[in-house]
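Enquirer: please work out how this folds:
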Amino acid sequence: MQGIQVDSCKIEFLFGHFSDFVERKSGQKLTGFQGNEYLEREEGYKKDLHLEGRGKLDAESWKASEIGSGRIVRSTISAIELPSNNTVPWQARYGEEVRPHHGLYLAMDDKALREEVERALYNLYRQESDGACFDELVRLLGRKYSLLAYLMFLKDSSRYLPIATRSFDQAFELLGVDHKTSFKCSWENYVAFLDVINQVRLLLEGRLGNPVRLLDAHSFVWMLVAQMSQENLEGSMEDLNRREKTERESIVRSRIGQGAFRKSLLDYWGNACAVTSCGNASLLVASHIKPWARCDNDERLDPSNGLLLSPTLDACFDAGYITFADDRSIIISESLSPEDAASLGVDAGLKLTRVTPQHCRYLQHHREHVFKGAGKVGGRN
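Expert: I've put the predicted structure just below:
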């Protein structure tokens, strides 16, 4: 489990494709996973599935004295056999004849097996021995990864996730993650899978500037292969992977303001903030106007696609709470409350110290694709 790392460069690259894809499908700028109509329609069912499955399971009412009675297995089966449950291959979900060799159904006819299975399920949902229960259910039911992951998901959707091994293995290849789940069902492998998704969650949260749930990161990774195949991501990623290592490192350094891009902005803006004229260069951030993920290689290193900003202004600009008009005036989003703006020192009198036609081309993109909704030049509506 140790040492698995998500390639942040690839996440940045893929997020650009993903946000463009969602924007085309929904007609909304992607500012977060919550409230986006397309994402809610395509992926919101998992939240409802968890609630419906929990209701059918009714684990809170189980009693230790019922272990071996069959009630626990029956309620578990009913929590799986839901029409909306596409996370587990299960014949009866479609009203078809159930394969008689399935472990949970075998337990209904085998007293000794039923008692073992129900004890493991009782311990899973009523105690905190999750890893031991997972491995015990592997022993009793076989390496049914999607089934076991779904049972974990029913326990706690904030910590555990469903899994479709082939799809996630494909997605992990896109993400540059050296982790396989197919034919590797174990608690250790599942925990590593969850850790990868959580790394993705943290990177998405930093990119969006809004809270991202583990389930949202799961949807992002799933959609890369399940709904975005027409985007030719494989070809795009092959192109990214063909770049020389030194070039990719230069791009990453440019993004965080430590390479040639930062130096070019320091030279252009005279080692001073492009708005406040703060002259402490060590505090200033090299900020892309058109987001890095949406740029080609030339745009990523173009000084006209950059502003040298104080950390506060950079954070507001990057998150879309402020932007600038072609006449240099600040535009403040209505999403930034007057109280927060005042506390951050963001006011209607701020403006860029200079602007060129080359800057205006990038600023137009920022206003149309990054800025959060309505605002007013020199202030707000």
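Enquirer: CA atoms for contacts and neighbours, from now on please.
Expert: Fine.
Enquirer: break the chain into its domains for me.
Expert: 8-40+159-231, 48-155, 245-377 (automatic domain parsing).
Enquirer: can I get these in CSV with mean pLDDT and mean neighbour count?
Expert: Shown next, in CSV, are the domains of the chain (pLDDT from 0 to 100; neighbours: other CA atoms under 10 Å):
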stretch, mean pLDDT, mean neighbour count
domain 8-40+159-231, 88, 18
domain 48-155, 90, 17
domain 245-377, 86, 18
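Enquirer: ok, residue 369 touching residue 28?
Expert: No - applying CA atoms under 8 Å as the test, residue 369 and residue 28 come out as separate, 9.7 Å apart.
Enquirer: show me the contacts for the closest residue to residue 80 other than its chain neighbours.
Expert: Once flanking residues are discounted, residue 80 sits nearest to residue 53: 7.0 Å by CA to CA, 6 or more residues apart in numbering. Neighbour list for residue 53: 79, 80, 82, 154 [criterion: CA atoms under 8 Å, 6 or more residues apart in numbering].
Enquirer: and residue 53, helix, strand or coil?
Expert: helix (DSSP: H, G, I helix; E, B strand; the rest coil).
Enquirer: how close does it get to residue 126?
Expert: Distance from residue 53 to residue 126, counting by CA to CA, to the nearest Å: 16 Å.
Enquirer: all helices for the stretch 101-250 of the chain, in order.
Expert: 103-109, 111-126, 130-141, 145-155, 165-174, 187-208, 214-226, 233-242, 245-255 (DSSP state H, counting those that start in this stretch).
Enquirer: distance to residue 181 for those helices - can I get that in JSON lines?
Expert: Listed next are the helices of the stretch 101-250 of the chain as JSON lines, based on distance: least, CA to CA, whole Å:
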{"stretch": "helix 103-109", "distance to residue 181": "21"}
{"stretch": "helix 111-126", "distance to residue 181": "22"}
{"stretch": "helix 130-141", "distance to residue 181": "15"}
{"stretch": "helix 145-155", "distance to residue 181": "9"}
{"stretch": "helix 165-174", "distance to residue 181": "5"}
{"stretch": "helix 187-208", "distance to residue 181": "7"}
{"stretch": "helix 214-226", "distance to residue 181": "14"}
{"stretch": "helix 233-242", "distance to residue 181": "20"}
{"stretch": "helix 245-255", "distance to residue 181": "28"}
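Enquirer: can you say which of the ones you listed is nearest to residue 71?
Expert: helix 111-126 (8.6 Å; CA to CA).
Enquirer: report the angle between that closest one and helix 145-155.
Expert: Here helix 111-126 runs at an angle of 50 degrees relative to helix 145-155 (axes from the mean of the first three to the mean of the last three CA atoms, to 10 degrees).
Enquirer: all further residue positions should be reported with the first residue as 828.
Expert: Taking 828 as the first residue, the last one we looked at is helix 938-953.
Enquirer: for helix 938-953, packing partners?
Expert: Using 3 or more CA pairs under 8 Å, 6 or more residues apart in numbering; DSSP states H and E as the contact test, the elements touching helix 938-953 are helix 898-907, helix 930-936, helix 957-968.
Enquirer: can I get that helix in PDB, CA atoms only?
Expert: This file holds the C-alpha atoms of helix 938-953, laid out as PDB (Å, rounded to 0.1, in the frame of the first residue of the first chain):
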ATOM      1  CA  LYS A 938     -26.500 -23.900   8.800                       C
ATOM      2  CA  ALA A 939     -22.800 -23.900   9.600                       C
ATOM      3  CA  LEU A 940     -22.000 -21.500   6.700                       C
ATOM      4  CA  ARG A 941     -25.000 -19.300   7.600                       C
ATOM      5  CA  GLU A 942     -23.800 -18.800  11.100                       C
ATOM      6  CA  GLU A 943     -20.300 -17.900  10.000                       C
ATOM      7  CA  VAL A 944     -21.500 -15.500   7.400                       C
ATOM      8  CA  GLU A 945     -24.000 -13.800   9.700                       C
ATOM      9  CA  ARG A 946     -21.400 -13.400  12.400                       C
ATOM     10  CA  ALA A 947     -19.000 -11.700  10.000                       C
ATOM     11  CA  LEU A 948     -21.800  -9.400   8.700                       C
ATOM     12  CA  TYR A 949     -23.000  -8.600  12.200                       C
ATOM     13  CA  ASN A 950     -19.400  -7.700  13.300                       C
ATOM     14  CA  LEU A 951     -18.900  -5.600  10.100                       C
ATOM     15  CA  TYR A 952     -22.000  -3.400  10.700                       C
ATOM     16  CA  ARG A 953     -22.100  -3.400  14.500                       C
END
